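Q: Sharing a model prediction with you, sequence too.
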Amino acid sequence: MDFEQARFNMIEQQIRPWDVLDQEVLSLLGAVKREDFVPAAYRAMAFTDMEIPLPCGESMLAPKMEARLLQELAVRKHEWVLEIGAGSGFMAALLGHCAAHVMSLEIHPELAESAQQHLRQAGVMNATVRCMDGSRELPPGEFDAIVLSGSVAQIPQALVDRLKPGGRLCAVVGDAPIMRAQLLTRSGERQSRVVDLFDTVAPRLHGFAETPRFRF
């Protein structure tokens, strides 16, 4: 398989048409080898417009979703980033090239170990994966940016509270079949501004509160 041609086609036919026009993001997607983060059985599908199955019943987000979230978060070289849902480690690798440091949380020990291994093999030394349930506990400190690599019913306040002033959080919010990517910016101690980005659907992150269901 010609991985370079497949990578070029992914960028030009999937990612760029999905309003990902930031040249730094496009160049990064051309440089970080996505196929090295995909399970061997699905390596030939690494560049397809789909979610790639992972162990433990999880999945990688589609390439265009990863690219769009990365573009909207607009991480800068001096910033510290938190990711919830490491998966294969690919998003952490992308973030690592943009940030000072990335902390990525993964609830499944098997995935956490393999994601860290993928990052080491890719030479991304400023990204660390911890086996931790981000819905129940978080590492200490505050972050300039937080990204959820999966969907939640609503943005958890516990994550907003970990943003530095001016910090951003990007997440897919809502319930299937209608979800929406949102960018939250913390503007004060208890103030924040939320911008709707685009409609989409993404796999659920485990453990976070669901929307209460009305019962008769």
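A: Now that the structure is in, tell me what you want to look at.

Q: Would you map the strands across this structure?
A: Secondary structure of the chain (DSSP state E): strands at 52-53, 59-60, 80-84, 101-106, 127-131, 143-152, 163-175, 178-186, 192-200.

Q: Quick one: those strands as CSV, columns for mean neighbour count too.
A: For the C-beta atoms, the positions are set from N, CA and C on the backbone; glycine is no exception. As requested, these are exported to CSV (neighbours: other CB atoms under 10 Å):
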stretch, mean neighbour count
strand 52-53, 19
strand 59-60, 21
strand 80-84, 25
strand 101-106, 25
strand 127-131, 20
strand 143-152, 24
strand 163-175, 20
strand 178-186, 18
strand 192-200, 14
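
Q: Redo those strands as JSON lines? Include mean pLDDT.
A: Written out in JSON lines, the entries for those read as follows (pLDDT from 0 to 100):
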{"stretch": "strand 52-53", "mean pLDDT": "97"}
{"stretch": "strand 59-60", "mean pLDDT": "96"}
{"stretch": "strand 80-84", "mean pLDDT": "98"}
{"stretch": "strand 101-106", "mean pLDDT": "98"}
{"stretch": "strand 127-131", "mean pLDDT": "98"}
{"stretch": "strand 143-152", "mean pLDDT": "98"}
{"stretch": "strand 163-175", "mean pLDDT": "96"}
{"stretch": "strand 178-186", "mean pLDDT": "96"}
{"stretch": "strand 192-200", "mean pLDDT": "96"}
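
Q: Next, format those strands as JSON lines and append distance to Q23.
A: Converted to JSON lines, the strands of the chain look like this (distance: least, CB to CB, whole Å):
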{"stretch": "strand 52-53", "distance to Q23": "26"}
{"stretch": "strand 59-60", "distance to Q23": "24"}
{"stretch": "strand 80-84", "distance to Q23": "21"}
{"stretch": "strand 101-106", "distance to Q23": "21"}
{"stretch": "strand 127-131", "distance to Q23": "22"}
{"stretch": "strand 143-152", "distance to Q23": "20"}
{"stretch": "strand 163-175", "distance to Q23": "20"}
{"stretch": "strand 178-186", "distance to Q23": "20"}
{"stretch": "strand 192-200", "distance to Q23": "20"}
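
Q: Minimum distance to E137: which of these has it?
A: Checking those against E137 by CB to CB gives strand 101-106 as the closest, at 8.8 Å.
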